[in-house]
Structures are given as C-alpha cells and as structure tokens.
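>>> The sequence and its predicted three-dimensional model are supplied below.
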Amino acid sequence: MSVIPSNGGQPTGARPATRISAIRPKVTTSTIFEKKQRREPITCLTAYDYATARLVDQSGIDMILVGDSLAQVVLGYDNTLPVTMDEMLHHTRAVRRAVRSALLIADMPFGAYHEDEKEGVHNAVRFVKEAGAEAVKLEGGAQRVNLVRRVLDAEVPVMGHIGLTPQSLHKMGGYKVQGKDFSSIERLIKDAIALDRAGVFSIVLEGVPREVAEMITKEVSAPTIGIGAGPGCDGQVLVFHDLVNLTFHEPAKFVRRYGDAAALISNAVEQFKADVESGSYPSDAESYHLPKETRAELEAILRRKEMKAYAK
Ligand code: KIV
C-alpha cells in the first residue's frame, strides 16, 4: 500500500505555480518622458532577483534597473568591473519573470560595449531578445553618442549615465564626486546635451553637486534620474540593498535607509537555530500525519512484531 498522498507528496500548503497579473498600467519610456513634462517625480530602484523585483514592482516604482551593482551587492565583488554579460542576462531574466508594470532596464556591464560598437549593439539586443529587458543603460557621455545612436537604430531604448560612473573607477582614480570645478561642470553639461540629442530616454546623474544636476535637468529634455545628485533631478534611483541595509558597509552620504533587512533576517535565522536546538521546531502542528486507518494498521503490525519478539 502506498502512503504517498494523491498530490504526489507535495506539502498541502505549497504555493501554486506563480501567476501574477498587472497591478497598474504598464510604464513605458513615453510614460517616463511625460512624467518629466508634468513635473511628476520619477522613481527607480535596482533589483536582481524574482522576489525583490516582485515587491518593488508591486510597490508602484516606475522603473526597475538590473544594475551592474549586482557585482557588489549580490555577487560580493569589490567593484562593478568583473560582472559578465551572462551573469547580467541571468539576473535580468529572473527580474523579468517578476515585473509586470515597471519599465525594465538592464545595465550593460563593463566590457560589453567598450571595445567595439558592433558588439555593444549586439549585447544591447541580447538583453531585449534573451532576457526581456525593455531598455538598456550604459555609462559615458559624448564618447558614447555613436553607440547610443546605433543601439537606438536597433530599436532598443537607452538610458544614459554620467557623473561618477563606477565603470570608470580606475580612470577617475576612485569614487569621486564629479563636476566640482568649471571645466568638469562644462564637460558634464556637454555630455548631457550630447546624450539628449542622441535620443536617450533618460539620463542617470550620479555623484554630482546638486547645483550642477539642477542645471542639467533644466537644460535637457530627457528626464534626469539622480543618485547622489540632490533633489533637483526629475527622478531618483537607489540600490535596493542600500535602501534596506543589506550592504555590510557604511552607506554613502546620499543613501537613506528605509528598513533593516539585515536585522530582520539575522533575527529569523537565530530563532530558527534556537528552536531546532531546543526541539521546539517542528511542532506536531508543523508535521504531516498518517491517515487514521494506515496509522491503526501500522500500530497493529508493530504490536504483532513486538509480541513475536517477546515470544522468542
Ligand atoms: O548599477 C547600478 O546600480 C547603477 C545605479 C546606481 C544607477 O548603475
């Protein structure tokens, strides 16, 4: 007699196959552009996996970026440089399965567009075709204009990224706020205008003085999305792990922590450990039971066995 339940042994409380429906209208690059025109703040967060992407999307965030910060906050590297196209594609696919409404942007990793424009276009197309991204982000200003045009020609919307661009870590000589002197301010403004003219649908401004970010925001038609660029941008982006204290280091000046996932997770894990060690987990209510008749039969078999052993 089989004791395997008719559902094949699946725990009765198991989740059904994932099925999620749209909870709000789809955000597109036009939505983002219109928000700038209506002066409505634009929200963007990073996500790298199914569970967090689903929560971020359901919270009504406009854009989800699978950032190359994946390298640091998920994969444990010191900087963003080592993360590969394959790793970025893998995580973008996971996020794609979760996101219904937010605009999904994939970050082009270091090396995916630096050597050859043709390869850059190819990799941008891979994000759309193989991972379901709706746009790509790439770092750099005027020097990327040709590439931006070619990616747009391939029907892939582009988000620009200027200021403190982490992929230029070695060239910048560290993570330094950009645009602090006149020549640097001029260069940033030229970069922003060049990207705007090339047709990017938004521009990330990272690590620049708020006054410079405000000037750029007024100067370009593309929405500016700030990170460490003050309140004058059209929108703001943060790394999800910074928001919920999962980065294991002192946050940068611009980070505001909205939750403490580290404390929440540590607490849960410590309680689980203590409960297993004390024998209080799992309880009877958390255990599966035999059907009544099977149990009675089993007890009778065991009793007969005991009696036989006793008789010997
Ligand atoms: O990789 C990333 O998370 C980013 C954002 C900080 C803009 O590039």
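Here it is on my side, so go on.

>>> Near the ligand, which residues of the stretch 101-250 of the chain? Just list them.
Proximity of the stretch 101-250 of the chain to the ligand (C-beta under 6 Å from any ligand atom) is limited to residues 107, 204, 227, 237, 239. The C-beta positions use only the backbone N, C-alpha and C, and glycine is treated the same way.

>>> Mind giving me the ChimeraX command for buried ones among those?
In ChimeraX syntax, the buried subset of those is picked out as below (16 or more other C-beta atoms under 10 Å):
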select :107,204,227,237,239
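
>>> What are the buried residues along stretch 219-228?
Buried residues in stretch 219-228, defined by neighbour count with 16+ other C-beta under 10 Å: 220, 222, 223, 224, 225, 226, 227, 228.

>>> Now it: average pLDDT?
Computed over stretch 219-228, the mean pLDDT rounds to 98.

>>> Please apply the same query to stretch 147-159.
Mean per-residue pLDDT for stretch 147-159: 98.

>>> How about stretch 182-196?
Per-residue scores along stretch 182-196 average to 98.

>>> i'd like the first residue to be 2 from this point on
Got it, the first residue is 2 from now on, which makes the last one we talked about stretch 183-197.

>>> For it, give me every contacting residue.
For stretch 183-197, the surrounding residues in contact (C-beta atoms under 8 Å, 6 or more residues apart in numbering) are 141-143, 145-146, 149, 161, 163-164, 179-180, 204, 206, 209, 213, 216-217, 220-223, 225.

>>> Check the residue in the stretch 52-201 of the chain that the ligand sits nearest to and give its pLDDT.
Distances between the stretch 52-201 of the chain and the ligand by C-beta to the nearest ligand atom are smallest at residue 68, namely 2.4 Å. Predicted confidence (pLDDT) for residue 68: 98.

>>> Now for it: which residues touch it?
47, 49, 108, 138, 240.

>>> 10 Å instead?
With contact set as C-beta atoms under 10 Å, 6 or more residues apart in numbering, residue 68 has these partners: 45-49, 74-75, 81, 84, 89, 92, 106-108, 110, 138, 162, 167, 205, 228, 238, 240-241.

>>> For the residue nearest the centre of the chain, which non-adjacent residue is spatially closest?
Nearest to the geometric centre of the chain sits residue 48, at 1.1 Å (C-alpha atoms, centre = their mean). Once flanking residues are discounted, residue 48 sits nearest to residue 54: 3.8 Å by C-beta to C-beta, 6 or more residues apart in numbering.

>>> And the average pLDDT for the helix or strand harbouring residue 97 is what?
If you go by DSSP states H and E, residue 97 is part of helix 86-99. The average pLDDT within helix 86-99 is 98.
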